[in-house]
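1. below is the sequence, then the predicted model.
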There are 2 protein chains.
Amino acid sequence: MIDVTATLARYVVSASADSVPGNVRREAVRSFLNWTGCAVGGSQHASVDIALAAVSPFAGRDQASILGRGERLDALNAALLNGIASHVFDFDDTHLRTIIHPAGPVASAILSLAQLRPVSGRDLLHAFILGVEVECRIGNAVYPAHYDIGWHITGTAGVFGAAAAAGRLLGLTEQQMIWALGIAGTQSSGFREMFGTMCKSFHPGRAAQNGLLSAFMAQRDFTSSNRVLEAPRGFAHVMSTERNFDEITKGLGESFEIALNTYKPFACGIVIHPIIDGCVQLRNEFGLTAAQIEGIELEVDPLVLELTGKKTPTVGLEGKFSVYHSAAVAIIEGRAGEEEYSDASVRDPEVIALRDRVSAAASQSVAEDECHVTIRLKDGRVLRKHVEHAIGSLARPMTDDDLNAKFGGLAEPVLGATATARLRDLCWEIETLEDAAAIARAATPVG
Amino acid sequence: MIDVTATLARYVVSASADSVPGNVRREAVRSFLNWTGCAVGGSQHASVDIALAAVSPFAGRDQASILGRGERLDALNAALLNGIASHVFDFDDTHLRTIIHPAGPVASAILSLAQLRPVSGRDLLHAFILGVEVECRIGNAVYPAHYDIGWHITGTAGVFGAAAAAGRLLGLTEQQMIWALGIAGTQSSGFREMFGTMCKSFHPGRAAQNGLLSAFMAQRDFTSSNRVLEAPRGFAHVMSTERNFDEITKGLGESFEIALNTYKPFACGIVIHPIIDGCVQLRNEFGLTAAQIEGIELEVDPLVLELTGKKTPTVGLEGKFSVYHSAAVAIIEGRAGEEEYSDASVRDPEVIALRDRVSAAASQSVAEDECHVTIRLKDGRVLRKHVEHAIGSLARPMTDDDLNAKFGGLAEPVLGATATARLRDLCWEIETLEDAAAIARAATPVG
């Protein structure tokens, strides 16, 4: 059998930035911008406050920024905090085939690294592309069996991506890159059981931090197995019931997983997106209010109920995993941004009253980005909407304008309009930056 | 079904030190002493040097000692380094039923904590007993299925023990203890694939550090699932194919797993111990030299070949997982201490020549602590030894004198005879210490 880990490592250390197609680089820029907005927007969340308070007494020197905040930490802890912040709204990017949120683990690791040593924006972006490639290919090799067991794949695969991207920037040799993947893989962890709690965003944070540490250890020749991915007691056998190593080794440098990345218009689990989309469309077309509605019936992909079947969420983080809450706020507010997933929103009596009138049925014939919404009104009318592809899916991607608007909505409350515009521009221009750390500096609030 | 995680958490926060029987406390003292010796002895290993160099640029304030060394780090990184050092010789304690090395994750975490805030020796020892209880009970619930999949159980279960012991010393509430176990569990990781590489000792180090961080995060109300152990997507289902939750919840406070702890006379995998024991006995009885020997035939438990079947180890760490190398050094040197697992030893032509004349056959009728050794001499004689229970097993435990001699052999080369004797005495007297951190101070070399 082919040496899977070595093949992947060889690609990461030898890949040329020049050979990456323009459309791939463009999608990488969009991914990085979306990640930056999410990190700044999430930076004030209680999960970040608590994690920061917990690690601060032990953190090292003033090396790297927590985007959106004034505090600076050592590079490893900054990677943890940015990873948490960028995922805490569940508003970051999605690799639809694996449901990996690719940017968090990788970007959090390498933006920290860029503050330790000068890295050009172009090199940072290329390392980002390679890190996403590594985590998504590993995800492709084991999804869905790995996810079905109960692993939170953003954490479990993300740690490899973080190690690969950081190792690339550190200039690791092929052997060192193999070790970096090995040290990362033997830390691969994170249960789906944690969804709806603060630990969900802890997973990409820890993946970023652990992957970054793996690269630093490998740089000093800390050894691991050379076969962490393919060995009988390695990642793909221990953590999955099925695996296809061709997904990791075939076509390296020819296809790029980041080209398949997507961005959420709504601050919740990706599988709820078609439902919110359909409800908002009906609301706007018919000027609906909650009071008019007798009941809402949803026909959805089975994964929707498996992942987001929480009937009575009690905190905002749980609301992100409730298709019922999401349909209710979509009708009442006409949107599903972070505010609609606050603790106050899930406890709002009007929202609860409508939520309790939402029912959902799973159907094998409905795709993941599709749904049928039926709204029965008290006046006897029945309104229907078939969403074939939700907004934010590959078939209906967010435009650059959509991404800019989302970025503004996330960053402006934290940084103000002027600094937000400047940060956004820096993200779009990342490939021209001599010093990628300029993005971290621009994401720090003034005063 | 009973709330497994909550039941365990309730026990840990409410258990009384007064109710722990004297023999249990005594075994805990022996375990702690053995751990301290291993940590000091392992502190000069290249794995520790590299890990220290890798984390130092990011480490926080001068809070806690690395036993046996002059450097001090923040408490979390000190826990990592002590966890690595204490396991790097594979000479630490063994809970035979699960092959967990219980002390490393727990002691490394709480001795760091004791340097942040005053903790009496009695409280430290009680927290140590509770942490070992937690990790070994969780191990009992999933062993052997969990281990057979490929998980390094010292890391995967150890992180719970570290969190529990640290959380106990922090005075967590029951809910916070549930969260500490949840945050710890969602970091549970470590592949057996890493055996023979530096990552093996990284596992207990990281378990200590991650468990300690989990307790600090839970103290500030960072939330997790309340059911990390028993939920369908929690630890016991995701990371094992079989499980028995009664092992976790029955008889809490009545039986103590640490009473079943054992200590190795030889610096290698526990399953090789009967073979070394038998070879050393025959060597001494007959005054054997390698030159006399035609061949050595071993009849062993099947696990011996599965775990330690490396025919041609090339570095010392691999030698610890080679029953062939171990039998050879047992004949040539009459012992199997750390020196016999140096890189030089596994590359010694005399050792290699004898190693190549060792054969081993697995037999279902041979127990884990048993073996049959047959040595054929060039003069035609055939010598046999049946080891029913290896030295260091529960049936033939190390005496206090044995432990003192082992402690001296490990610590004296690092600390010198006087400081070693003082440190050893402090360990024996741990229950009388007003400040348990005195042990960490005494383990620091002078000058």
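-> Perfect, I can see it now. Numbers count the residues shown, from 1 in each chain, chains lettered A, B, ... in the order given.
2. C-alpha from now on. contacts and neighbour counts both.
-> Will do.
3. where does the nearest residue to residue A:247 once chain neighbours are set aside fall, secondary structure wise?
-> Once flanking residues are discounted, residue A:247 sits nearest to residue A:141: 5.2 Å by Cα to Cα, 6 or more residues apart in numbering or on different chains. Residue A:141 belongs to helix A:121-142 when assigned by DSSP states H and E.
4. next, the buried residues of that helix.
-> By 16 or more other Cα atoms under 10 Å in any protein chain shown, the buried positions in helix A:121-142 come out as A:121-142.
5. got the CA positions of that helix in CSV?
-> Only the C-alpha atoms of helix A:121-142 are listed here, as CSV (Å, rounded to 0.1, in the frame of the first residue of the first chain):
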residue,chain,number,x,y,z
GLY,A,121,0.2,37.5,2.7
ARG,A,122,0.8,35.3,-0.3
ASP,A,123,2.7,32.7,1.7
LEU,A,124,0.0,32.8,4.4
LEU,A,125,-2.7,32.3,1.9
HIS,A,126,-0.9,29.4,0.3
ALA,A,127,-0.3,27.7,3.7
PHE,A,128,-4.0,28.2,4.4
ILE,A,129,-5.0,26.5,1.1
LEU,A,130,-2.7,23.6,1.9
GLY,A,131,-4.0,23.2,5.5
VAL,A,132,-7.6,23.2,4.3
GLU,A,133,-6.6,20.7,1.6
VAL,A,134,-5.1,18.4,4.3
GLU,A,135,-8.0,18.5,6.7
CYS,A,136,-10.7,18.2,4.0
ARG,A,137,-8.9,15.3,2.2
ILE,A,138,-8.6,13.5,5.5
GLY,A,139,-12.2,14.2,6.1
ASN,A,140,-13.2,12.9,2.7
ALA,A,141,-11.4,9.7,3.4
VAL,A,142,-13.5,8.9,6.5
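6. and it, how far out from the chain middle?
-> 13 Å (Cα atoms, centre = their mean, to the nearest Å).
7. following it, which helix or strand comes up?
-> helix A:145-149.
8. whichever helix or strand comes after that following helix vs helix A:121-142, what angle?
-> Downstream of helix A:145-149, the first helix or strand assigned by DSSP H and E is helix A:153-170. Relative orientation of helix A:153-170 and helix A:121-142, computed by axes from the mean of the first three to the mean of the last three Cα atoms, to 10 degrees: 140 degrees.
9. who does helix A:153-170 touch, helix- and strand-wise?
-> helix A:4-14, helix A:103-114, helix A:121-142, helix A:174-185, helix A:199-219 (3 or more Cα pairs under 8 Å, 6 or more residues apart in numbering or on different chains; DSSP states H and E).
10. number of nearby residues for the closest residue to residue A:103 other than its chain neighbours?
-> With Cα to Cα, 6+ apart as the criterion, residue A:103 has its nearest non-adjacent residue at 6.2 Å, and that residue is residue A:35. By other Cα atoms under 10 Å in any protein chain shown, 29 other residues sit near residue A:35.
11. helix or strand for residue A:35, which one?
-> Assigned by DSSP H and E, residue A:35 belongs to helix A:22-42.
12. on that earlier part again, the helices and strands packed on helix A:153-170 into a markdown table, with extra columns for distance to residue A:347 and mean pLDDT?
-> A markdown table is the format used below for the helices and strands packed on helix A:153-170 (distance: least, Cα to Cα, whole Å; pLDDT from 0 to 100):
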| stretch | distance to residue A:347 | mean pLDDT |
| --- | --- | --- |
| helix A:4-14 | 48 | 98 |
| helix A:103-114 | 29 | 98 |
| helix A:121-142 | 36 | 98 |
| helix A:174-185 | 40 | 98 |
| helix A:199-219 | 21 | 98 |
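13. helix, strand, or coil at residue A:373?
-> Under DSSP: H, G, I helix; E, B strand; the rest coil, the three-state class of residue A:373 is strand.
14. hmm, residue A:366 and it touching each other?
-> No. Under the criterion of Cα atoms under 8 Å, residue A:373 is not in contact with residue A:366, lying 11.9 Å apart.
15. overlap in contacts of these two?
-> residue A:299 (Cα atoms under 8 Å, 6 or more residues apart in numbering or on different chains).
16. look at the two and report which has more neighbours.
-> Neighbours were counted for residue A:373 and for residue A:366 using other Cα under 10 Å; residue A:373 has more, 23 against 15.
17. contact partners for the closest residue to chain B within the stretch 301-447 of chain A?
-> When distances are taken as Cα to the nearest Cα, the stretch 301-447 of chain A reaches nearest to chain B at residue A:317, 10.8 Å away. Taking Cα under 8 Å, 6+ apart as the contact definition, residue A:317 lies against A:89, A:196-198, A:341-343.
18. run through those residues and flag the ones next to chain B.
-> A:197-198 (Cα under 8 Å from any Cα of the partner chain).
19. just want the most central residue of chain A.
-> Most central in chain A under Cα atoms, centre = their mean is residue A:101, positioned 2.9 Å from the mean C-alpha point.
20. pull up the distance across stretch A:248-268, start to finish.
-> Using Cα to Cα, to the nearest Å, the end-to-end distance of stretch A:248-268 comes to 29 Å.
21. show the average pLDDT along that stretch.
-> If you average the pLDDT over stretch A:248-268, you get 96.
22. burial measure for whichever residue of chain A sits closest to chain B, as a count.
-> Across chain A, the shortest distance to chain B (Cα to the nearest Cα) belongs to residue A:60, at 3.8 Å. Residue A:60 has 23 neighbours, counted by other Cα under 10 Å.
23. one more: the one 4 residues further on?
-> Residue A:64 sits with 24 neighbouring residues when counted by other Cα under 10 Å.
24. pretty sure it is touching residue A:80, no?
-> No. In this structure residue A:64 lies outside contact range of residue A:80 using Cα under 8 Å: 11.2 Å.
25. so what's residue A:235 up against?
-> A:185-186, A:228-229, B:191.
26. most neighbours of all those, which one?
-> That'd be residue A:186 among the contacts of residue A:235, by other Cα under 10 Å, with 32 neighbours.
27. name the nearest residue to that residue, sequence neighbours excluded.
-> residue B:190 (4.6 Å).
28. that neighbour contacts residue B:205, correct?
-> No. Between residue B:190 and residue B:205 no contact is recorded; they are 11.0 Å apart, counting by Cα under 8 Å.
29. neighbour count winner among the two?
-> residue B:205 (34 against 30).
30. for the more buried one, give its distance to residue B:100.
-> For residue B:205, the distance to residue B:100 equals 14 Å [Cα to Cα].
31. for residue A:358, phi and psi?
-> When read as degrees, to the nearest 10, the backbone of residue A:358 gives phi -100, psi 130.
32. neighbours of the residue nearest to it when sequence neighbours are not counted, how many?
-> Closest residue in space to residue A:358, ignoring its immediate chain neighbours: residue A:296 at 4.7 Å, by Cα to Cα, 6+ apart. Neighbours of residue A:296 under the rule other Cα under 10 Å: 24.
33. what's the answer for residue A:405, then?
-> Counted by other Cα under 10 Å, the residues lying close to residue A:405 total 12.
34. let me see the mean pLDDT of the helix or strand it falls within.
-> In the assignment (DSSP H and E), residue A:405 maps to helix A:400-415. Here helix A:400-415 scores 96 as its mean pLDDT.
35. hang on, residue A:41 packs against residue A:414?
-> Yes. Using Cα under 8 Å, residue A:41 makes contact with residue A:414 at a distance of 6.7 Å.
36. shared neighbours of the two, which are they?
-> Common contacts of residue A:41 and residue A:414 (Cα under 8 Å, 6+ apart): residue A:68.
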